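K.L.:
Build me a structure from this.
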Amino acid sequence: MAGYSPASPITGAPGTGLTSPTYTLVVDAAPAQNAKQWYVSALGGTQTGVVVSSVNMPFTITVYKPAVFARIPPVNPITGVLPSAGKNVHAVITRKGVVVLAGQTPRIATYETKVSLPAGCESADFPNVVAGLSAHIGSLWEQSNEWADAYASGAL
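P.N.:
Sure thing, here's the model as predicted:
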């Protein structure tokens, strides 16, 4: 997992109550060997009521790579057809402690993106892999505030 290393601080997406949000990341112990993790140690911009990571209110970002990478299977020698290829699943999970009722123990909110790539596409069609990821992240970024509003209203 040498490649994934976010710059710190990271700039957050705009949202209601957040003005120019930034998050300072510190390397943390990952929960698995095929993962890397960071915790948020400081906030920037205006984020009234937001707290940094603590034991009771974690604020972490964890990235996972496949524990074992799927490989492209051989082509069927009779039909010349490639059988079903496995998928390599990569994930980014953010955990944030949140209060659900005043005076009660915080609970954990989980924000998760998983990318399932058919084995071999990362080398045979890398430009389209990158384009799919770019569009996915761009749609999340562009609609960050609308997603948050949908959580509160229940409407899409």
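K.L.:
Work out which residue lies at the spatial centre of the chain.
P.N.:
Central residue of the chain (Cα atoms, centre = their mean): Val92, 2.7 Å from the mean position.
K.L.:
Looks like that residue contacts Thr62 (just checking).
P.N.:
Yes. If you go by Cβ atoms under 8 Å, Val92 and Thr62 touch, sitting 7.3 Å apart. Placement of C-beta: from N, CA and C, glycine included.
K.L.:
Run through who's touching stretch 136-156.
P.N.:
Residues outside stretch 136-156 that contact it (Cβ atoms under 8 Å, 6 or more residues apart in numbering) are Ala13, Pro14, Gly15, Thr16, Thr113, Val115.
K.L.:
Show the end-to-end separation of that stretch, please.
P.N.:
One end of stretch 136-156 sits 17 Å from the other (Cα to Cα, to the nearest Å).
K.L.:
Show me how far it is from its chain's centre.
P.N.:
How far stretch 136-156 lies from its chain's middle: 15 Å, per Cα atoms, centre = their mean, to the nearest Å.
K.L.:
and if you look at stretch 133-145?
P.N.:
The chain centre lies 12 Å from the centre of stretch 133-145; the measure is Cα atoms, centre = their mean.
K.L.:
Now the element after the longest helix along the chain, going C-ward?
P.N.:
In terms of residue count, the longest helix belonging to the chain (DSSP state H) is helix 126-142. Going down the chain from helix 126-142, the next helix or strand is helix 144-153, by DSSP states H and E.
K.L.:
for that next one, which positions count as buried?
P.N.:
For helix 144-153, a neighbour-count test (16 or more other Cβ atoms under 10 Å) marks Ser144 as buried.
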